[in-house]
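Undergrad: Coordinates only, no sequence provided:
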């Protein structure tokens with residue numbers, strides 16, 4: 001068979017282990033020089049393909065590519081740019097095919113969440129329509145853990161480990177000072193429509209008296225009076241109250257507690273500020289001294305405390321994506337299939353991109369406690385294996401050692417430029 005090049009791109013919010021997937025793709029491709037020539041990476045995701053800004057990863061050493069496993073962020077740059085429906089703007093898709101044709105790209109690996117899998121699926125459709133042979137494989141990634149079919153999403157286990165650890169450590173801090181200082185602490189975490197990240201904080205607790213005392217999930221409508229009653233109960237009985245709130249916490253009518261009124265590049269409501277909103281509510285109603293924090297980018301960049309399970313799975317889906325492409329699979333995404341919980345065993349399966357695209361997996365209701373403020377044993381059993389194991393990066397001069405790539409662009413071949 002003819003040797004053709006591959007294109008890999010990172011999309012959406014990055015994670016502590018997305019580069020491990022990149023490493024899996026590139027290292028596996030390099031093992032098949034008879035099938036795959038160069039692996040080009042899009043500079044800033046799919047935007048790099050549209051602008052014909054292709055990073056030539058063949059110029060990177062084996063050591064540099066291997067270092068991606070312990071490097072957070074997006075090594076080649078990511079983006080929040082969603083291609084429109086083909087019927088609305090076919091030109092974007094035609095441009096992608098033009099770039100792929102110019103650089104003899106026969107494999108397309110798109111590393112991202114639901115919107116990204118939608119893009120990979122649409123590219124496979126337009127390529128078929130235009131008669132251009134290209135294999136499109138999605139590579140799962142999202143800290144929100146909301147992709148369907150897969151048992152978990154690479155990127156989530158490490159965020160879960162960070163949030164559970166932060167809740168444990170901050171809880172001890174608040175407990176030690178609550179007699180004469182702060183009595184209520186609120187940690188805001190990511191999670192627009194699914195409360196997986198917030199739920200992971202529950203792993204820090206071994207009894208009802210230990211934090212987090214309250215978890216707010218997007219799946220459970222916020223009840224102001226019940227919330228304040230629970231806060232007051234915890235302060236009076238335990239001396240303090242630790243709350244972990246998903247950014248997507250919402251009222252019964254669907255309005256987000258932290259709706260800014262703005263939209264992001266994907267058309268999603270921009271969120272931020274649920275922690276201060278709750279803090280002010282507590283202060284006005286109960287008068288307790290409070291502190292709040294937003295985990296924000298720290299939770300998804302914390303490679304120093306990544307889950308070993310997560311790192312292994314992130315690499316595995318990148319490796320599997322290449323193997324699926326070489327075996328003739330088209331428009332599919334490798335998924336993680338749980339064989340058993342204790343001891344945790346899993347294997348790689350697959351799901352069609354047409355079913356994965358733009359779908360969200362919310363928490364099962366039996367994972368949430370009856371009062372809506374905590375997790376059940378079933379949820380704990382699901383989560384614990386995903387944060388298991390340590391995969392510390394190497395350190396240099398007291399700081400984590402990260403990959404430092406050249407990221408040199410290959411020469412453009414098209415005469416026309418593309419404006420976003």
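TA: Alright, I've got the coordinates. Here the structure is a predicted model, which means the values were calculated and not measured.
Undergrad: Low-confidence stretches in the stretch 1-150 of the chain?
TA: Within the stretch 1-150 of the chain, no stretch has pLDDT under 70.
Undergrad: can you give me the helices in it?
TA: 18-30, 46-50, 62-66, 90-102, 114-129 (DSSP state H, counting those that start in this stretch).
Undergrad: next one: the last one to chain centre, how far?
TA: It stands for helix 114-129. Offset of helix 114-129 from its chain centre (CA atoms, centre = their mean, to the nearest Å): 20 Å.
Undergrad: Which residues are in contact with the residue nearest the centre of the chain?
TA: By CA atoms, centre = their mean, the chain has its centre lying nearest to residue 142, at 2.1 Å. Residues near residue 142 by CB atoms under 8 Å, 6 or more residues apart in numbering: 12, 13, 15, 112, 113, 114, 153, 155, 156. All C-beta spots, glycine's among them, are computed from the backbone N, C-alpha and C.
Undergrad: Just give the number of residues close to the nearest residue to it once chain neighbours are set aside.
TA: In space, and not counting its chain neighbours, residue 142 is closest to residue 113: 3.8 Å by CB to CB, 6 or more residues apart in numbering. Residues within reach of residue 113, counting by other CB atoms under 10 Å, total 25.
Undergrad: wait, residue 113 sits on residue 11?
TA: Yes - using CB atoms under 8 Å, residue 113 is in contact with residue 11, at 7.5 Å.
Undergrad: Find residues that contact each of the two.
TA: Residues touching both residue 113 and residue 11 by CB under 8 Å, 6+ apart: residue 141.
Undergrad: Who are the contact partners of the closest residue to residue 67 other than its chain neighbours?
TA: Residue nearest to residue 67 in three dimensions, not counting chain neighbours: residue 403, with 3.6 Å by CB to CB, 6+ apart. The contact partners of residue 403, by CB under 8 Å, 6+ apart, come to 19, 64, 65, 67, 68, 70, 71, 75.
Undergrad: mind checking the SS state of residue 403?
TA: coil (DSSP: H, G, I helix; E, B strand; the rest coil).
Undergrad: Can you show me the helices along the stretch 301-420 of the chain?
TA: Using DSSP H, counting those that start in this stretch, helices in the stretch 301-420 of the chain cover 308-326, 353-356, 377-383.
Undergrad: In JSON lines: these, plus distance to residue 81, mean neighbour count and mean pLDDT.
TA: As requested, those are exported to JSON lines (distance: least, CB to CB, whole Å; neighbours: other CB atoms under 10 Å; pLDDT from 0 to 100):
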{"stretch": "helix 308-326", "distance to residue 81": "21", "mean neighbour count": "24", "mean pLDDT": "98"}
{"stretch": "helix 353-356", "distance to residue 81": "18", "mean neighbour count": "19", "mean pLDDT": "94"}
{"stretch": "helix 377-383", "distance to residue 81": "32", "mean neighbour count": "16", "mean pLDDT": "98"}
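Undergrad: quick one: residue 329 and residue 350 touch, right?
TA: Yes - if you go by CB under 8 Å, residue 329 and residue 350 touch, sitting 6.9 Å apart.
Undergrad: Backbone dihedrals for the residue nearest to residue 142, both of them.
TA: The phi and psi torsions at residue 113 (degrees, to the nearest 10) take the values phi -90, psi -150.
Undergrad: Look at the closest residue to residue 316 other than its chain neighbours and say how many residues are nearby.
TA: Excluding the flanking residues, the one nearest residue 316 by CB to CB, 6+ apart is residue 348, at 5.9 Å. Neighbourhood size, residue 348 [other CB under 10 Å]: 17.
Undergrad: Surely residue 9 is in contact with residue 46?
TA: Yes - contact between residue 9 and residue 46 holds when scored by CB under 8 Å: they sit 5.5 Å apart.
Undergrad: out of those two, which sits in the more crowded spot?
TA: Set residue 9 next to residue 46 and count neighbours by other CB under 10 Å: residue 9 wins out with 31 against 26.
Undergrad: what number of residues lie near the residue lying closest to that one once chain neighbours are set aside?
TA: Residue nearest to residue 9 in three dimensions, not counting chain neighbours: residue 42, with 3.6 Å by CB to CB, 6+ apart. For residue 42, the count of nearby residues is 27 (other CB under 10 Å).
Undergrad: Over to the one 5 residues further on?
TA: When counting by other CB under 10 Å, one arrives at 19 neighbours for residue 47.
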